[in-house]
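1. Make a model of this:
(2 chains)
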Amino acid sequence: MANDKKFVEEITAMNVDFAKWYTDVVKKADLADYTSVKGCMIIRPLGYAIWENIQVELDRRFKETGHENVYLPLFIPEGLLNKEKEHVEGFAPEVAWVTHGGEEELTERLCVRPTSETLFCQHYANIIGSYRDLPKLYNQWANVVRWEKTTRPFLRTTEFLWQEGHTAHATYAEAQEETLRMLDVYADFCQDFLAIPVIKGQKTDKEKFAGAVATYTIESLMHDGQALQTGTTHNFGDNFAKAFNIRYLDQDNTHQYVFQTSWGVTTRLIGALIMVHGDDSGLVLPPKVAPTQLVIIPIASHKGGVLEKATDIYHQLNDLVRVKIDSSDKNPGWKFSEHEMRGVPLRLEIGPKDIEKGQVVLVRRDNREKIIVALSEIKTRVPEILEDIQKSLLAKALSHREAHTSIANSLEQIKESLDKNPGFVKTMWCNEKACEEKVKEEAKATSRCIPFEQENLDTKCAICGKPAKTMIVWGRAY
RNA sequence: CGGAGUGUGGCUCAGUUUGGUAGAGCGCUGCGUUCGGGACGCAGAGGCCCGGGGUUCAAAUCCCCGCACUCCGACCA
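-> You can find the predicted model right below:
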């Protein structure tokens, strides 16, 4: 059986129509379902289990770096939202408003939180009085609502799930340290756990968060060459502290404003998983995040001893990996396709012939390699193979990104690169907004970030020719 | 917010041109046979044709007015 044979007819091929492929995978892999409210999706058990795994792992890393979880209200009074000017202007167009409670019109409209900066600020103003109260390292897992015009499951939904970290510090330097520390947490999580390579960098002034001094980002490249911001951290300086009057008394008994940060990742990460690792047969999940890591498929399960053996294997592996046994009365072929669509990293086939030979057949989801393993060795081989799949997926995604990263020295070259080899384009840049706008207008691309890992490609800005200040990465983004 | 498209059993759609008893495939339920890449037989269940108004003896079909979703652009995690 050739590896490139198309096993699943119900999913549109990626190279035929990537957008269609994406929604097909979302539906066929049972990740999410549409509802009667635009942009609001039902996250189905598989999609939610992936989110839960993301949550558990991230939460562990947040706690390790000293953070505590809290929960703040869903509603924000209009007056509170309006306190920081840049912030409210940034979010105003996409805020949903509650105007009535029952039949009564409210005296003040309530905003359904698009993010919780203002609520955290109000709270911090109440609870921070002394330098002894700092730092405050809070995080909340929550849903937020942004009234988006164009929505796509996981990538951009009206309501989405996320975590938002909000911290308060005594000095700008500490806030900056926190901002970069959390970017590292995100970057490491994406690469190690989701097998998604990222570029760490700073957003330009044009792209930074409303109300922030500096915004940092991790950027990933999807299979179609489109960029996706997979996580973001912000240093607010004392902008919000001044607007909300968050002050503490320092050792010298003088009032000081606090310095704040915020950082978040969302259910968009699931979209990234789909678009980085998926193939024409459906979802491909890295073992670390996969709700089911191994599925056992009994062959000819009506024949004596097969189901018993499969169950025995299940019990042997149950402590080592997340394993399921599919003993439904579907055909084996149907089951193969089904679990491939759902991205299960490894499949174990056990039939009468295998039992005779004392072996099982393992099939990798990522490359469809068939591996025959003696029954006596499965407990060592299965975890080994899963580890290898995790590594291979990261390596594959990394080489895809490298193959789709170009260097350009002019606006013409930026356009050409984006058209001929869609992906990231690195250039030098003069740090002027005008050049960003020009790229946006002519090449339909935005600046993704100014990478921490700089390269000296040229002395001049690729767009205007003036002396360059930094290297920047461009891309067409989701 | 522009441009395009689509709304008919759970799903994919036919039927609409030319008004006349609501269809197919898949899925689902039951029984039996199968089982190493989406099996098969038999028997069943299941529809206010997106909504509201017209026109007509008669509307899924013709005419108005809504609403929703999808895709492509502009804005955004």
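2. I'd like to know how far A:Gly211 sits from A:Val56.
-> 31 Å (CB to CB, to the nearest Å). Just so you know, the C-beta spots here come from the backbone N, C-alpha and C atoms, and that holds for glycine as well.
3. Could you check how far A:Pro73 is from RNA strand B?
-> 20 Å (CB to the nearest atom of the strand, to the nearest Å).
4. A:Ser406: what's its closest spatial neighbour, skipping adjacent residues?
-> A:Ser417 (3.8 Å; CB to CB, 6 or more residues apart in numbering).
5. Just to be sure, that neighbour is in a helix?
-> Yes - assessed with DSSP: H, G, I helix; E, B strand; the rest coil, A:Ser417 lies in a helix.
6. wait, isn't it in contact with A:Asn409?
-> No - between A:Ser417 and A:Asn409 there is no contact under CB atoms under 8 Å: 10.5 Å.
7. which of those two has more neighbours?
-> Set A:Ser417 next to A:Asn409 and count neighbours by other CB atoms under 10 Å: A:Ser417 wins out with 23 against 15.
8. show me what contacts that one?
-> By CB atoms under 8 Å, 6 or more residues apart in numbering, the residues touching A:Ser417 are A:406, A:408, A:423, A:425.
9. Compare these and tell me which has the most neighbours.
-> A:Val425 (27 neighbours).
10. Quick check: pLDDT value at that residue.
-> In this model, A:Val425 is scored at 96, pLDDT.
11. SS state for it?
-> strand.
12. ok, it to A:Ala477 distance?
-> According to CB to CB, A:Val425 stands 12 Å off from A:Ala477.
13. Could you pull up the residues touching the residue lying closest to A:Ala290 once chain neighbours are set aside?
-> Residue nearest to A:Ala290 in three dimensions, not counting chain neighbours: A:Pro345, with 5.3 Å by CB to CB, 6+ apart. Applying CB under 8 Å, 6+ apart to A:Pro345 gives the contacts A:284-287, A:290, A:293-294, A:364-366, A:386, A:389.
14. Out of these, flag the one nearest to A:Ser337.
-> A:Arg365 (11.7 Å; CB to CB).
15. Could you measure from that closest one over to A:Gln390?
-> Applying CB to CB, the value for A:Arg365 to A:Gln390 is 12 Å.
16. between these two, which one's more packed in?
-> Using other CB under 10 Å, the more surrounded residue of A:Arg365 and A:Gln390 is A:Arg365, with 26 against 22.
17. Please, which helix or strand holds the residue of chain A positioned farthest from its centre?
-> Within chain A, A:Gly304 marks the point farthest from the mean C-alpha position, 45.9 Å out by CA atoms, centre = their mean. Taking DSSP states H and E as the definition, A:Gly304 sits outside all helices and strands.
18. Also the one 5 residues further on?
-> With secondary structure defined by DSSP H and E, A:Lys309 is part of helix A:306-317.
19. how about the helix or strand harbouring A:Leu398: buried residues?
-> Assigned by DSSP H and E, A:Leu398 belongs to helix A:378-403. Using 16 or more other CB atoms under 10 Å as the test for burial, helix A:378-403 gives A:378, A:382-383, A:385-386, A:389-390, A:393-394, A:396-397, A:400-401.
20. Kindly report the same for stretch A:102-114.
-> Buried residues in stretch A:102-114 (16+ other CB under 10 Å): A:109-114.
21. ok, A:Phe336 touching A:Arg347?
-> Yes - the pair A:Phe336 and A:Arg347 passes the contact test of CB under 8 Å, sitting 6.9 Å apart.
22. Which residues are in contact with each of these two?
-> The contact sets of A:Phe336 and A:Arg347 overlap at A:297, A:363 (CB under 8 Å, 6+ apart).
23. What separation do you get for A:Leu221 and RNA strand B?
-> In terms of CB to the nearest atom of the strand, A:Leu221 sits 14 Å off from RNA strand B.
24. try A:Pro153
-> A:Pro153 is 7 Å from RNA strand B, by CB to the nearest atom of the strand.
25. For A:Ala210, what is the enclosing helix or strand?
-> Counting by DSSP H and E, A:Ala210 is part of no helix or strand.
26. distance of it from RNA strand B?
-> Plainly put, A:Ala210 is 7 Å away from RNA strand B if you go by CB to the nearest atom of the strand.
27. With adjacent residues omitted, what lies nearest to that residue?
-> A:Gly90 (2.4 Å).
28. Wait, that neighbour touches A:Ala212, no?
-> No - using CB under 8 Å, A:Gly90 is not in contact with A:Ala212; the gap is 9.6 Å.
29. who's more crowded, the two?
-> Set A:Gly90 next to A:Ala212 and count neighbours by other CB under 10 Å: A:Ala212 wins out with 26 against 17.
30. which residues does that one contact?
-> A:234-237, A:239.
31. try A:Asn53
-> Taking CB under 8 Å, 6+ apart as the test, what A:Asn53 contacts is A:288-291.
32. Now with 6 Å, please.
-> A:Val289 (CB atoms under 6 Å, 6 or more residues apart in numbering).
33. does it count as helix, strand or coil?
-> Assignment for A:Asn53 (three-state DSSP): helix.
34. Can you tell me how far it is from A:Thr233?
-> A:Asn53 is 22 Å from A:Thr233, by CB to CB.
35. cool, A:Glu219 as well?
-> Taken as CB to CB, the span from A:Glu219 to A:Thr233 is 13 Å.
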